[in-house]
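Enquirer: Turn this into a model:
(chains A and B)
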Protein chains: 2
Amino acid sequence: MAELIDGKATSLRIQDEIAAEVEKIKSNGGKVPHLAAVLVGEDGASLTYVNAKVKACERIGYGSTLVHLPQDTSEETLLAKVEELNNDDDIDGFIVQVPLPPQIDEQKVVDAIMPEKDVDGFHPSNMGKMVLGLSGMVPATPKGILMLMEKNGIETEGKHCVVMGRSQTVGTPVSVLLSRKKTPGNCTVTQVHSRTKDIADYTRRADLLVVALGVPEFVTGDMVKKGAVVIDVGIHRVEAPERKSGFKLKGDVKFDEVEPIASRITPVPGGVGPMTIAALLHNTLEAARNK
Amino acid sequence: MAELIDGKATSLRIQDEIAAEVEKIKSNGGKVPHLAAVLVGEDGASLTYVNAKVKACERIGYGSTLVHLPQDTSEETLLAKVEELNNDDDIDGFIVQVPLPPQIDEQKVVDAIMPEKDVDGFHPSNMGKMVLGLSGMVPATPKGILMLMEKNGIETEGKHCVVMGRSQTVGTPVSVLLSRKKTPGNCTVTQVHSRTKDIADYTRRADLLVVALGVPEFVTGDMVKKGAVVIDVGIHRVEAPERKSGFKLKGDVKFDEVEPIASRITPVPGGVGPMTIAALLHNTLEAARNK
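Expert: As a prediction, the model looks like this:
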């Protein structure tokens, strides 16, 4: 039986540490960090995410602002709002929740965010700084995954890590970060994806398996080496008529099969998910400090 | 016996293609691309590189400008020159040859180059665009390696590529580029480095081996799979008293041992080296077109 890697508890622990920092800032008469979130439209999932971020800010003593714009907001109006937040000295960092309505070019919006305030870490300049090993905002989910490893004593040095998936938001940055000459890092990383031939031949060699393919329950027991550490980044709603809600949350890993083989594994939900918020709040603290 | 992958011939072929493009631009009454190179000081190797770039420009019909500043140039003066080149409409792209003298912060200079004119592709914004799959200037040596593969019909799709080295200028960008959903690309990439345990266990599984470790003749015959394609990015001066010059050029691969095992291999010199210039000239063409 694998030990569970508790992302929820880890995230709260990090948030407590940040809250203590906020107390220190306050007692020194400093300005508390302030995170703003921009939401366009009424998408249910987006609303939930943004509200969770705002609540987390309140819990740890950050200032927070929710900018809620209507579904038919023009690109021009949103870009003007971004510019306003860029220039607002009270705002240390902000995010624009995606997806955006079809009339708005997402990349244009990301490009318009001042890199120093880009606490999601999606701006090309921040991605580039990550590759170049320069200080900048590290993308929130990859950063959360690294924090999860660090806080739970998951060794990476000299390990063979197989990263499944090559998305620009998770698979690729995680691969870059785990290869770096840093802790966590110094892994030998193999990145596999949909075009990989005999994917199990690679995953079975992994000491550390990071799964971000976006395919529910793709990773089965026979794909995992005995004693591997498994980090599941996937989250999917799967129909479950036996439940009152009608659905269950599943990851990219077939948990029941893999759990007996792994030494440690993240649950879904409660694994990587909560870590993104911790990373976002940590980025905001860094943004405030860098000012 | 492996077939040699002739980087010199490939580079010249690409340069001929670009020269034909320049002819077309001219006959349409357009402005020919113009590349500037900034050299600070009198370093012999740097002078050679910069001169080779200027000569290549002349050969293919580009405009070229060499800005040669003294060794004791201040950071301020160099940054002012960069600003001048950024604002000079006649200059489509430029490079600042490294290394720079110790009084100058290299990263500050790279950051000051307008990303659209950064034909070396070292600006964080260009590195980030590469990760994000957005159009931008691809770092010259990695781009040259991909062009070498493409022009010589080296298949990458579904292959297992082992990249040796994790430098920010070669190993890491090559890994990102070969993983991408593109041609060349769609490789399963394993990146190994100084902290990898049992490095040969990985290299022996490689269909395609890209070696950018910076250690002369590190890769020996027993580390390579029969029939692998080997790309050697290293270039080192090694003492050779029997030669009139007193030295030989060696790569990161022990050529005599690996050549009988590989199916195709790049020589050193004449392999990857000449491809960097081809990529630089190609980036300059793109920069001119994007204006």
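
Enquirer: how about the residues of the stretch 101-250 of chain A near chain B?
Expert: A:107, A:123-134, A:136, A:157-158, A:166, A:168, A:172-173, A:175-176, A:179-181, A:186, A:188-193, A:195-197, A:202 (Cβ under 8 Å from any Cβ of the partner chain). Heads up, the C-betas are built off the backbone N, CA and C, glycines and all.

Enquirer: List only buried entries from those residues.
Expert: Listed as buried from these are A:123-132, A:134, A:136, A:166, A:168, A:172-173, A:175-176, A:179-180, A:186, A:188-193, A:195-196, A:202; burial here means 16 or more other Cβ atoms under 10 Å in any protein chain shown.

Enquirer: which residue ranges form the strands in chain A?
Expert: A:3-4, A:34-40, A:63-69, A:93-96, A:160-164, A:188-192, A:208-211, A:229-232, A:236-239, A:247-250, A:264-265 (DSSP state E).

Enquirer: Serialize those strands to a markdown table and add fields for distance to B:Ala279 and mean pLDDT.
Expert: Shown next, in a markdown table, are those (distance: least, Cβ to Cβ, whole Å; pLDDT from 0 to 100):
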| stretch | distance to B:Ala279 | mean pLDDT |
| --- | --- | --- |
| strand A:3-4 | 48 | 98 |
| strand A:34-40 | 39 | 98 |
| strand A:63-69 | 43 | 97 |
| strand A:93-96 | 35 | 98 |
| strand A:160-164 | 27 | 98 |
| strand A:188-192 | 23 | 98 |
| strand A:208-211 | 32 | 98 |
| strand A:229-232 | 36 | 98 |
| strand A:236-239 | 41 | 92 |
| strand A:247-250 | 44 | 94 |
| strand A:264-265 | 43 | 98 |
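
Enquirer: nearest to B:Glu3, of those?
Expert: strand A:188-192 (27.7 Å; Cβ to Cβ).

Enquirer: other SSEs contacting that closest one?
Expert: strand A:160-164, helix A:171-179, helix A:199-203, strand B:188-192 (3 or more Cβ pairs under 8 Å, 6 or more residues apart in numbering or on different chains; DSSP states H and E).

Enquirer: which one of the ones you listed lies closest to B:Gly7?
Expert: B:Gly7 lies closest, by Cβ to Cβ, to one member of the helices and strands packed on strand A:188-192: strand B:188-192, at 21.4 Å.

Enquirer: what's in contact with that closest one?
Expert: With contact meaning Cβ atoms under 8 Å, 6 or more residues apart in numbering or on different chains, strand B:188-192 is reached by A:175, A:179, A:188-193, A:195-197, A:202, B:158-166, B:171-172, B:175, B:178-179, B:199, B:202-203, B:205-206.

Enquirer: Show me the helices in the stretch 51-200 of chain A, by range?
Expert: Ranges of helices in the stretch 51-200 of chain A, per DSSP state H, counting those that start in this stretch, are A:75-87, A:106-112, A:124-132, A:140-151, A:171-179, A:199-203.

Enquirer: With mean pLDDT added, can I get those in TSV?
Expert: TSV is the format used below for the helices of the stretch 51-200 of chain A (pLDDT from 0 to 100):
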stretch	mean pLDDT
helix A:75-87	98
helix A:106-112	97
helix A:124-132	96
helix A:140-151	98
helix A:171-179	98
helix A:199-203	98
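
Enquirer: Check which helices and strands the helix ranked longest in chain A is in contact with.
Expert: Longest helix of chain A, by residue count under DSSP state H: helix A:7-27. Judged by 3+ Cβ pairs under 8 Å, 6+ apart, helix A:7-27 is in contact with helix A:44-60, helix A:140-151, helix A:273-290.

Enquirer: Mind telling me which of those helices the model trusts least?
Expert: Across the helices and strands packed on helix A:7-27, helix A:44-60 has the smallest mean pLDDT, namely a mean of 94.

Enquirer: Any buried residues in it, and which?
Expert: A:46, A:49-50, A:53-54, A:56-57, A:60.

Enquirer: Any chance of CSV for those, columns distance to chain B?
Expert: As requested, those are exported to CSV (distance: Cβ to the nearest Cβ, whole Å):
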residue, distance to chain B
A:Ser46, 21
A:Tyr49, 21
A:Val50, 23
A:Lys53, 23
A:Val54, 27
A:Ala56, 27
A:Cys57, 27
A:Ile60, 29
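
Enquirer: What number of residues are in the vicinity of the closest residue to A:Leu146 other than its chain neighbours?
Expert: Spatial nearest neighbour of A:Leu146, excluding adjacent residues (Cβ to Cβ, 6 or more residues apart in numbering or on different chains): A:Pro184 at 5.0 Å. Using other Cβ atoms under 10 Å in any protein chain shown, A:Pro184 has 21 neighbouring residues.

Enquirer: A:Pro184 reaches A:Gly158, doesn't it?
Expert: No - using Cβ atoms under 8 Å, A:Pro184 is not in contact with A:Gly158, being 11.9 Å away.

Enquirer: Now do A:Ser263 against A:Lys31, distance only.
Expert: 44 Å (Cβ to Cβ, to the nearest Å).

Enquirer: Repeat that for A:Val38.
Expert: For A:Val38, the distance to A:Lys31 - Cβ to Cβ - is 21 Å.

Enquirer: more neighbours, those two?
Expert: A:Val38 (22 against 13).

Enquirer: give me every residue that touches the more buried one.
Expert: Here A:Val38 is in contact with A:67, A:69, A:78, A:81-82, A:85, A:94-97 (Cβ under 8 Å, 6+ apart).

Enquirer: of all these, which comes closest to A:Gln15?
Expert: Nearest member of those to A:Gln15, counting by Cβ to Cβ, is A:Ile95, at 16.8 Å.

Enquirer: OK, contacts around the closest residue to that closest one other than its chain neighbours?
Expert: Ranked by Cβ to Cβ, 6+ apart and with sequence neighbours excluded, the top spatial neighbour of A:Ile95 is A:Asp120, at 4.9 Å. Residues in contact with A:Asp120, defined by Cβ under 8 Å, 6+ apart, are A:95, A:137, A:139-140, A:280, A:283.

Enquirer: rerun at 7 Å
Expert: Taking Cβ atoms under 7 Å, 6 or more residues apart in numbering or on different chains, we find A:Asp120 in contact with A:95, A:139-140, A:280.

Enquirer: now A:Val50
Expert: Taking Cβ under 7 Å, 6+ apart as the test, what A:Val50 contacts is A:37, A:39, A:66, A:97.

Enquirer: Pull the most distant pair out of those.
Expert: A:Leu66 and A:Gln97, at 9.9 Å, using Cβ to Cβ across the contacts of A:Val50.

Enquirer: Residues that sit against both of these two, list them.
Expert: A:37, A:39, A:50.

Enquirer: got the residues you listed as CSV, with distance to B:Glu217 columns?
Expert: Shown next, in CSV, are those (distance: Cβ to Cβ, whole Å):
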residue, distance to B:Glu217
A:Ala37, 55
A:Leu39, 58
A:Val50, 56
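
Enquirer: what's the spacing between the residue lying closest to A:Met127 once chain neighbours are set aside and A:His123?
Expert: Distance criterion Cβ to Cβ, 6+ apart; nearest residue to A:Met127, sequence neighbours excluded, is B:Gly128 at 3.4 Å. Separation of B:Gly128 from A:His123 (Cβ to Cβ) stands at 7 Å.

Enquirer: A:Gly251 contacts A:Val268, correct?
Expert: Yes - between A:Gly251 and A:Val268 there is a contact under Cβ atoms under 7 Å: 3.4 Å.

Enquirer: Give me the more crowded residue out of these two.
Expert: A direct count of neighbours by other Cβ under 10 Å for A:Gly251 and A:Val268 places A:Gly251 higher, at 27 against 23.

Enquirer: Please list all residues in contact with that one.
Expert: Contacts of A:Gly251 by Cβ under 7 Å, 6+ apart are A:232, A:234-235, A:268.

Enquirer: Which member of the residues you listed is positioned nearest chain B?
Expert: A:Gly234 (19.0 Å; Cβ to the nearest Cβ).

Enquirer: That closest one against A:Asp252, yeah?
Expert: Yes - look at A:Gly234 against A:Asp252 with Cβ under 7 Å: they come within range, at 3.1 Å.

Enquirer: Just grab the bridge partners of A:Arg237 for me.
Expert: A:Leu249 (DSSP bridges).
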